[in-house]
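[1] Just to be clear, the model below is a prediction. Sequence and coordinates:
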Amino acid sequence: MILSIESSCDDSSIAITEIATKKLLYHKKISQEAEHSCYGGVVPELASRLHAVALPEILKETKPWFDKLKAVSVTNQPGLGVTLLEGIAMAKTLAAFQEIPLIPVHHLKGHIYSLFIEKETLFPLLVLLISGGHTQVIRVESFETMEILATSMDDSVGESFDKCAKMMGLGYPGGPLIERLALQGDENRFDLPVPLRNSPLIAFSLSGLKNAVRLVVERLGGYSEMTEQDKADLAASFQKAVKLHLLQKSKKIFAKEPIKDFAIVGGASANRYIRTAYEKLCAEFGKTMHVAPLEYCSDNAAMIGRYALDAYEKQAFIDPHEIDIISTKKQQAGMLL
Ligand code: KG4
Ligand code: ZN
């Protein structure tokens, strides 16, 4: 069995997966959303301290499997440095203590593998990854070969939902709050700009749209002066602009990429409005759409464990003395995802 740890942001999570059957045997996650909500976003130092309490608490429950462990896996990039270190410290200790190998896992590859927790692996695959930290379209040929086809030039989709929710005084995380509020809103009330609409670039950009939302909030006198209907209409108009932006750029990619299977992963892939739009687009282009079960869309150790199963097969281990968080600079300088 493999014990997997995830602590890249504000979710402390541990999973146990069985190597022979690829089954998830145990999975638990403690989210810190309530603790960060009053700040309108994740406070790294607070997140780190909460992981230091939650991870050992969850680990206790996995003791019955300890003597059957063949490896430990842990997210080591990308994420918040101070929170990644909490999971890494625990993983290193376990690997040394149990004398078993350590598997480093790239968080975004974990999101891709969230698709395979309850299903067979499926390659090649075209993936739209929309999370709190990233917005990318990735061509996934295999475990080893993944290529980014488009990426965000600034904010990510999840981040833009979070920031807009904060501007409207809604709380954190903004994605589910905006999606729910938008159901009561008129998506045509505010004419927000669809990012890069007239640009030939196959890339994403959310910061301009975020700024346009800020200007509307200011025009209406700040969020405390906005009515519930104003907020619902703005949430709906914002969500519509995000959808149109994603669809416009995805259409260009779909037209070029013959791969038949398409998937949306990451925290924001839980958004039903965006999912529905992509179902239509896939039907138009003759593609089959895949999503992970809702519980595995946001950060969790089950997806890290699922990736680790394939990594174990390939003996993709790391010396516990060598593992470290990968800094943003190094990622930008040519990391795969
Ligand atoms: O994948 P994830 O758990 O963490 C990262 O790897 O970043 O994604 C979290 C992000 C947050 O920004 C959250 O607001 C967004 O996913 N999110 C949503 C929805 N549910 C979560 N965004 C839009 N609609 C949702 N329903
Ligand atoms: Zn994530």
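    The structure has been received and is ready for your questions. Ligands and ions are numbered 1, 2, ... in the order given.

[2] Need the nearest residue in space to the residue in the stretch 151-300 of the chain positioned nearest to ligand 2, chain neighbours excluded.
    Residue of the stretch 151-300 of the chain nearest ligand 2, by CB to the ion: Asp299 (4.3 Å). The way it works is simple: take the backbone N, C-alpha and C, and place the C-beta from them, glycine included. With sequence-adjacent residues excluded and distances taken as CB to CB, 6 or more residues apart in numbering, Asp299 is closest to Asp11, at 4.2 Å.

[3] Equivalent analysis for Met289, please.
    Per CB to CB, 6+ apart, closest to Met289 is Cys282, 4.3 Å.

[4] ranges for the strands of the stretch 51-200 of the chain?
    Listed in chain order, the strands of the stretch 51-200 of the chain (DSSP state E, counting those that start in this stretch) span 71-77, 102-106, 125-130, 135-140, 146-151.

[5] Now distance to ligand 2, mean neighbour count and mean pLDDT too, for those, in CSV please.
    Shown next, in CSV, are the strands of the stretch 51-200 of the chain (distance: least, CB to the ion, whole Å; neighbours: other CB atoms under 10 Å; pLDDT from 0 to 100):
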stretch, distance to ligand 2, mean neighbour count, mean pLDDT
strand 71-77, 9, 27, 97
strand 102-106, 11, 24, 97
strand 125-130, 9, 25, 98
strand 135-140, 12, 23, 97
strand 146-151, 15, 16, 96
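
[6] And for Ser224, nearest residue in space, chain neighbours not counted?
    Nearest one to Ser224, counting by CB to CB, 6+ apart, is Gly169 at 6.9 Å.

[7] hmm, back to that, isn't the residue nearest to Asp299 up against Lys29?
    Yes: contact criterion CB atoms under 8 Å: Asp11 and Lys29 qualify, at 5.4 Å.

[8] How about the longest helix along the chain and ligand 1, touching?
    For the chain, the helix with the greatest residue count under DSSP state H is helix 228-256. No: remark: helix 228-256 sits outside contact range of ligand 1, by CB under 6 Å from any ligand atom, the gap being at least 7.9 Å.

[9] now for that helix, which elements pack on it?
    Counting contacts by 3 or more CB pairs under 8 Å, 6 or more residues apart in numbering; DSSP states H and E, helix 228-256 is packed against strand 125-130, strand 135-140, strand 146-151, helix 157-167, helix 174-182, helix 207-219, helix 272-285.

[10] so what's the backbone phi/psi at the residue nearest to Ser224?
    For Gly169, the backbone dihedrals (degrees, to the nearest 10) come out as phi 70, psi 30.

[11] Looking at it now. What's its pLDDT?
    pLDDT recorded at Gly169 is 96.

[12] Count the neighbours of it for me.
    Residues near Gly169, counting by other CB atoms under 10 Å, number 13.

[13] re earlier: now do the longest helix of the chain: distance to the chain's middle.
    What separates the centre of helix 228-256 from the centre of its chain is 18 Å, taken as CA atoms, centre = their mean, to the nearest Å.

[14] I'd like to know how far whatever residue of the stretch 101-250 of the chain ends up closest to ligand 2 sits from Cys297.
    Nearest residue of the stretch 101-250 of the chain to ligand 2 (CB to the ion) works out as Ser131 at 4.4 Å. For Ser131, the distance to Cys297 equals 9 Å [CB to CB, to the nearest Å].

[15] any shared contact partners between the two?
    Counting by CB atoms under 8 Å, 6 or more residues apart in numbering, the common neighbours of Ser131 and Cys297 are Val265, Gly266, Gly267, Ala268.

[16] residue ranges with poor pLDDT in this structure?
    Per-residue confidence for the chain (pLDDT under 70) gives these ranges: 326-337.

[17] what residues does it put near ligand 2?
    Contact residues, the chain versus ligand 2 (CB under 5 Å from the ion): Ser131, Asp299.

[18] which parts of this protein sit against ligand 1?
    Proximity of the chain to ligand 1 (CB under 6 Å from any ligand atom) is limited to residues 9, 131-133, 158-159, 161-162, 173-176, 179, 266-268, 270-271, 298-299.

[19] redo that, cut-off 5 Å
    By CB under 5 Å from any ligand atom, the residues of the chain that approach ligand 1 are 131-133, 158, 161-162, 173-176, 179, 266-268, 270-271, 298-299.

[20] What subset of these is buried?
    131-133, 158, 161-162, 173-176, 179, 266-268, 270-271, 298-299 (16 or more other CB atoms under 10 Å).

[21] Quick check: can you list the domain ranges of this protein?
    For the chain, automatic domain parsing gives the domain ranges 2-117+296-332, 125-291.

[22] The residue nearest to Ser224 contacts Glu228, correct?
    No: counting by CB under 8 Å, Gly169 does not reach Glu228; the two are 11.3 Å apart.

[23] which residues does Ala54 contact?
    Neighbour list for Ala54: Ser12, Ile30, Gln32 [criterion: CB under 8 Å, 6+ apart].

[24] how close does the spatially closest residue to the second one that is not a sequence neighbour sit to ligand 1?
    Counting by CB to CB, 6+ apart, the nearest residue to Ile30 once its immediate chain neighbours are dropped is Ala54, at 4.2 Å. Distance, Ala54 to ligand 1, using CB to the nearest ligand atom, to the nearest Å: 16 Å.

[25] Check Val194 too.
    Distance of Val194 to ligand 1, computed by CB to the nearest ligand atom: 17 Å.
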